[in-house]
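In: I would like to see how this sequence folds:
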Amino acid sequence: MMKVFFCVIVVLDMAHMMVEPTQAAFTCTDVDKCLVQCMSYLVGTATVPASACCHGVKQIKGMAVTIEDKRQACGYVKDAANKYQNVKEDAASGLPTKCGVPLSYPISKNIDCST
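Out: Here you go, the predicted structure:
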């Protein structure tokens with residue numbers, strides 16, 4: 001009887017771990033650090049994004065694995081774009097293409113990240 005009780009407890013504990021929400025493996029600060037090398041391109045002082053910028057965009061894509069991660073990354077990217085008033089919207093939206101890193105959401109000050 002004790003073995004059955006122990007097995008039930010183990011199974012319940014495993015089920016609890018499976019349904020417990022997890023926190024994203026990245027933060028807004030992580031996304032900011034990835035995009036800081038892009039600022040000269042985003043404000044128009046550079047005509048092409050630096051390789052370090054494109055590396056940052058690749059890192060953002062790699063951090064956002066699940067749908068919820070992608071929504072969170074989208075929100076962080078939107079927050080980053082809104083921190084600087086002089087970010088050019090066309091440069092921001094075209095950044096993933098310029099870097100050859102397709103994202104499932106555009107980089108934009110006005111994106112709705114809930115969809």
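In: Looks like Ser114 contacts Arg71 (just checking).
Out: Yes - with contact defined as Cβ atoms under 8 Å, Ser114 counts as touching Arg71 (6.9 Å). All C-beta spots, glycine's among them, are computed from the backbone N, C-alpha and C.
In: between the two, who's got more neighbours?
Out: Counted by other Cβ atoms under 10 Å, Ser114 and Arg71 do not tie: Arg71 has more neighbours, with 17 against 7.
In: Spatially, which residue comes closest to that one, not counting chain neighbours?
Out: Cys113 (5.2 Å; Cβ to Cβ, 6 or more residues apart in numbering).
In: swap in Cys74?
Out: Cys113 (3.7 Å).
In: and what of Met39?
Out: Tyr84 (7.2 Å).
In: any idea how far Thr115 is from the one you found?
Out: Computed as Cβ to Cβ, to the nearest Å, the Tyr84 to Thr115 distance reads 25 Å.
In: now do Ala91
Out: Counting by Cβ to Cβ - Ala91 and Thr115 are separated by 23 Å.
In: Also Asn82?
Out: 18 Å.
In: Looking at Tyr84 and Thr115, which is more packed in?
Out: Tyr84 (12 against 7).
In: per-residue confidence for that one?
Out: pLDDT for Tyr84: 83.
In: residues contacting it?
Out: Neighbouring residues of Tyr84 by Cβ atoms under 8 Å, 6 or more residues apart in numbering: 39, 42-43.
In: Go ahead and confirm Lys46 touches Gln37.
Out: Not quite, residue 46 is Ala, not Lys. No - applying Cβ under 8 Å, one finds Ala46 not in contact with Gln37, separated by 10.3 Å.
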